[in-house]
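[1] Next input, structure requested:
(one chain, ligands or ions: 2)
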Amino acid sequence: MKLQALIFDIDGTLADTERDGHRPAFNAAFRQAQLPWEWDIPLYGELLTVTGGKERIRYYAERYAPTFLHRADADAQIRALHAAKTAHYVAMLGAGRIPLLPGVEPLLRQAHATGLRLAIATTTTPENVVALLPPDLLAWFEVVGAGDVVARKKPASDIYDYVLHALQLPPAACLAFEDSENGLIAARAAGLATVVTPNDYTRHGDFRAALAWLPHLRGVDCELLQLWHSGAYNSDKN
Ligand code: XBP
Ligand code: MG
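    Ligands and ions are numbered 1, 2, ... in the order given. Sure, this is the predicted structure:
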């Protein structure tokens, strides 16, 4: 089947947003709420195994601050902390964009120019996608599947299923791009051949189910993707 669309994860795949973006935004929200919580770089790596900011706060509280969850309004507190975190994150990106990772913009540009359809499948909050991507580039994405639009976050396949449904394409007509094991599991569960570009936080994952596994997207162009894609669907991989 012909390759018709590329579906991208955001965090860690289009830009390196976690360590110096989401993490300090969580910490700013905790300070603002006068909570004595500080997520340092190694701890955040552990917390990243849980996708979704609200889910990550709850996971942290369960392990490191269980009394927080004894409050009757703990769910509302988590939602409020997360809303504050999103505001800090969006403000941080507004003050100076986190750059796209090497090879990302040329690939998007070429895909757009050659008529490959583009979509996003991310766990992050929709406002964060808008804050990260320059408006002209964001406009190239026909579908943006983000955050709580689905019930179950990655590694569940829901966000990819949602995007495929919106594109009205079968998985065999698409390629997914991910940086993490959770993301790869989600994309594969939706039937998508997946290109993985890990980073410092995700590089210890198991990526054996990936179509390709590379340090970055520099030098990856649409011809190469067509080739990998045709290989994937002429083998027993899918
Ligand atoms: C990304 C995430 C997100 C961000 C925070 O996972 O897990 O939760 O860290 O986003 P993936 P929110 O790249 O696999 O989609 O705080 O907006 O939820
Ligand atoms: Mg990611």
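
[2] Just the buried residues of the helix ranked longest in the chain, please?
    The longest helix of the chain (DSSP state H) is helix 74-95. Across helix 74-95, burial judged by 16 or more other C-beta atoms under 10 Å covers 77-78, 81-82, 84-86, 88-90, 92-93. Using the backbone N, CA and C atoms, a C-beta is placed for each residue, glycine as well.

[3] Let's have those residues in TSV, adding distance to Pro66.
    TSV is the format used below for the buried residues of helix 74-95 (distance: C-beta to C-beta, whole Å):
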residue	distance to Pro66
Gln77	14
Ile78	14
Leu81	16
His82	19
Ala84	22
Lys85	21
Thr86	25
His88	25
Tyr89	26
Val90	30
Met92	30
Leu93	33
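
[4] quick one, what contacts the closest residue to ligand 1 within the chain?
    Here the residue of the chain nearest ligand 1 is Gly53; by C-beta to the nearest ligand atom that distance is 2.1 Å. With contact taken as C-beta atoms under 8 Å, 6 or more residues apart in numbering, Gly53 is in contact with 22, 26, 82, 85-86, 124-125.

[5] Can you pull the residues of this protein lying near ligand 2?
    Residues of the chain lying near ligand 2 by C-beta under 5 Å from the ion: 9, 11-12, 179-180, 183.

[6] Next, check these against the helices and list the overlap.
    Using DSSP H, the subset of those located in helices is Gly183.

[7] Which one of the residues of the chain next to ligand 2 is nearest to Arg117?
    Closest to Arg117 out of these is Asp9 (16.3 Å), distances taken as C-beta to C-beta.

[8] Show the contacting residues for that closest one.
    120-122, 176-180, 183.

[9] Show me where the chain has its helices.
    Secondary structure of the chain (DSSP H): helices located at 23-32, 41-47, 53-64, 74-95, 104-113, 126-132, 135-138, 158-167, 181-189, 222-234.

[10] Poorly predicted segments of the protein, please.
    Residues of the chain meeting the criterion pLDDT under 70: 233-238.

[11] Which part of it gets nearest to ligand 2, residue-wise?
    Gly12 (3.7 Å; C-beta to the ion).

[12] Contacts only, for that residue.
    18, 179-180, 183, 198-199, 201-202.

[13] which strands and helices sit next to the longest helix of the chain?
    With contacts defined as 3 or more C-beta pairs under 8 Å, 6 or more residues apart in numbering; DSSP states H and E, helix 74-95 has these neighbours: helix 23-32, helix 53-64, helix 126-132.

[14] quick one, which of the ones you listed is nearest to Pro171?
    Using C-beta to C-beta, the nearest of the helices and strands packed on helix 74-95 to Pro171 is helix 126-132, at 21.9 Å.

[15] Check which helices and strands that closest one sits against.
    Where contact means 3+ C-beta pairs under 8 Å, 6+ apart, helix 126-132 is packed against helix 74-95, strand 141-146.
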